[in-house]
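Engineer: Let's see this in three dimensions:
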Amino acid sequence: MRCPDKMQALNLLFVWKPGFKSPRKAHATREDTMDTSSDLRDAVEKYLHVRPQEVKIHEKPDDFFSINRGDIVFVDGLRYVISGTARERSLGLDDEPKYWVKYAYEVETGNRKIIKLIFHEQFSVKYGDYVIKCFRSPAKEGRALECVKGHPHFMQGHTAVAKGNQAIRVINHISGGTLLSRIENYAGTHETYFHEFLPSLLGLFLPCVQSLDVLHRSGIRHGDVRSDHLLLDKETGKLRWIDFDYDFVFSEAPFALDLLGIGNILSELVGKGERTIHNLRSNRRLTERLGSLTPEDFSVVEASRLMNWKKLYPYVPDSLNRVLMHFAAGAELHYESVSEIAEDLAYAAAIV
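Structural biologist: Reported below is the predicted structural model:
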């Protein structure tokens, strides 16, 4: 995708980004009841190891603020014991509650689940002269779950109907940390990381890049491609994409934000988890190299995110740096598809 003149100096501006403020409490029609029957109290005690005097039941879970640990949610004929509320993992929002996402146990089987309740929000991204509308779409996530059913590199789940015809997503729990945490937890030097640890990470990441083509061929975007949306499944040893409920409208390049997300993750992989050069300024050995950086070395959409890591670390191979530079402000050509990125990355990863 050749950059037209009006897109030479792109800047990413979040007019509003979800997560910075908690969503306002909905004024829902409540259909919650309290139950003292032994079987539900037994279920809560079995999974949470505390026996309540009574259990709050949600048959129409439209007010997610009212659903708390120890409550029971009925979805599509099945009962779930709520064990907690999910929290944001990254973007400076660590521990920010995601009240519409609940951890749960399926009462009949004991399987751990994630219950994603209905929550709509939207924000805009300024992309040069364009403004891209981004929004949360539960229906789109449901379509994505159907599209990737059985695929080892995506979370698994289904859309279930609760009372009131609410399309709630029930997701299988994945045990494992994020790709971002795996990068950041490496304690050695960058050079040691690059030569001894990065090759295995690229081997894990490449199939995930290729797997996004499954969605794109069906006209579906992931919508929020980030390194904290890749979990390393302890059972399979594979990275798996999670959280498909964001979507965006950009007719000029329908999958652009997904592709840019891949570039951002690759930059974090090569940079050993660094998103900006701020933390590197204290490294005296890099002072001269940092001074050589220009705006063209940074992301085409985020002026603080470095893409030209070879200027700081000369041992980065040209083939790998070329992939990164497709996402830089100084690039004349940008990727148009996942398959293009995957082909170049496969070649680069083979010689790291």
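
Engineer: Now stretch 214-231 - C-alpha only, CSV.
Structural biologist: What follows is stretch 214-231 as a C-alpha-only set of coordinates in CSV (Å, rounded to 0.1, in the frame of the first residue of the first chain):
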residue,chain,number,x,y,z
VAL,A,214,-8.5,-17.0,8.8
LEU,A,215,-10.5,-14.1,10.1
HIS,A,216,-9.6,-11.7,7.3
ARG,A,217,-10.6,-14.1,4.5
SER,A,218,-14.0,-14.1,6.1
GLY,A,219,-14.2,-10.3,6.2
ILE,A,220,-13.8,-10.3,10.0
ARG,A,221,-11.2,-8.1,11.9
HIS,A,222,-9.7,-9.0,15.2
GLY,A,223,-10.0,-5.3,16.1
ASP,A,224,-7.6,-5.1,19.0
VAL,A,225,-4.3,-6.7,18.0
ARG,A,226,-1.9,-6.3,21.0
SER,A,227,0.7,-8.3,22.8
ASP,A,228,-1.4,-8.6,25.9
HIS,A,229,-4.1,-10.2,23.7
LEU,A,230,-1.9,-13.2,23.1
LEU,A,231,-1.9,-15.8,25.8
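
Engineer: tell me which residues of that stretch are tucked away?
Structural biologist: Across stretch 214-231, burial judged by 16 or more other CB atoms under 10 Å covers 214-216, 220-231. In this view, the C-beta of every residue, glycine as well, is placed from N, C-alpha and C.

Engineer: and this structure, what are its domains?
Structural biologist: Per the record, the chain has its domains at 19-120+137-173, 179-349, by automatic domain parsing.

Engineer: Determine which residue lies closest to the centroid of the chain.
Structural biologist: Centroid check for the chain by CA atoms, centre = their mean gives residue 229 as the closest residue, at 2.8 Å.

Engineer: In this protein, what residue spans correspond to helices?
Structural biologist: Using DSSP state H, the helices of the chain run over residues 38-48, 138-147, 179-184, 190-192, 198-217, 256-270, 287-291, 318-325, 338-349.

Engineer: which one of those is the most hemmed in?
Structural biologist: Of all those, helix 256-270 carries the top mean neighbour count, a mean of 23, counting by mean count of other CB atoms under 10 Å.

Engineer: Mind giving me the packing neighbours of that helix?
Structural biologist: helix 179-184, helix 198-217, helix 318-325, helix 338-349 (3 or more CB pairs under 8 Å, 6 or more residues apart in numbering; DSSP states H and E).

Engineer: and the angle for the longest one with helix 138-147?
Structural biologist: Spelled out, that is helix 198-217. Interaxial angle, helix 198-217 versus helix 138-147 (axes from the mean of the first three to the mean of the last three CA atoms, to 10 degrees): 110 degrees.

Engineer: Give me the distance from helix 198-217 to the chain's centre.
Structural biologist: 14 Å (CA atoms, centre = their mean, to the nearest Å).

Engineer: how far off helix 256-270 does it point, in degrees?
Structural biologist: Angle, helix 198-217 to helix 256-270, by the same axes, to 10 degrees: 170 degrees.

Engineer: which helices and strands sit right next to helix 198-217?
Structural biologist: Judged by 3+ CB pairs under 8 Å, 6+ apart, the packing partners of helix 198-217 are helix 138-147, helix 179-184, strand 230-232, strand 239-241, helix 256-270, helix 338-349.

Engineer: Nearest to residue 131 among the domains of the chain would be which one?
Structural biologist: For residue 131, the closest of the domains of the chain is domain 179-349, at 9.5 Å, according to CB to CB.
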